[in-house]
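Colleague: coordinates only, no sequence provided:
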């Protein structure tokens, strides 16, 4: 049951996903390829797992158990990031305001690199250190 290019096989489940599913090696490979197809369209792993119809935990488990699958995911994500970055640069150079939506997509897909970074510093009165007082209450026995 190999999917046609651009087509996803989304199994239907009455009442939600089954708790535990066993996959044959052929099924696993098929699902893994479908996951990669969805990621190639600039989707997150969670979205890919949802669209294909398997749990995000299953994808995570497969990444740990099958290093080649993990490497392929990383490679596809790097390609998507490169394509988006090149498109953003091209749009900026041409003063095309499409870059705002591309940058938004980059921020959501790769928050560690493109997301807003906020830093908070807490101080006490007049910039002094915060004073923390720990009060312990002893249990009292009533007679």
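Modeller: Structure's in. What do you need? Every value quoted in this text rests on a predicted model; they were computed, and no experiment measured them. Numbering: from 1, shown residues only.
Colleague: elements contacting the biggest helix by length in the chain?
Modeller: The longest helix of the chain (DSSP state H) is helix 67-93. Helix 67-93 sits against helix 25-40, helix 56-65, helix 99-109, with contacts defined as 3 or more CB pairs under 8 Å, 6 or more residues apart in numbering; DSSP states H and E. C-betas here are computed from N, CA, C, even on glycine.
Colleague: pick the most deeply packed of those.
Modeller: Scoring the helices and strands packed on helix 67-93 by mean neighbour count under mean count of other CB atoms under 10 Å gives helix 25-40 as the most buried, with a mean of 17.
Colleague: show me what it is packed against.
Modeller: Looks like helix 25-40 contacts helix 45-52, helix 56-65, helix 67-93 (3+ CB pairs under 8 Å, 6+ apart).
Colleague: what angle do the longest helix of the chain and helix 25-40 make?
Modeller: Relative orientation of helix 67-93 versus helix 25-40 (axes from the mean of the first three to the mean of the last three CA atoms, to 10 degrees): 10 degrees.
Colleague: buried residues in helix 67-93?
Modeller: Neighbour-count burial for helix 67-93, counted by 16 or more other CB atoms under 10 Å, picks out 69, 72-73, 76-77, 80-81, 84-85, 87-88, 91.
Colleague: quick one on the thing from earlier: distance to residue 133 added to the helices and strands packed on helix 25-40, as a markdown table?
Modeller: Formatted as a markdown table, the helices and strands packed on helix 25-40 follow (distance: least, CB to CB, whole Å):
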| stretch | distance to residue 133 |
| --- | --- |
| helix 45-52 | 43 |
| helix 56-65 | 43 |
| helix 67-93 | 48 |
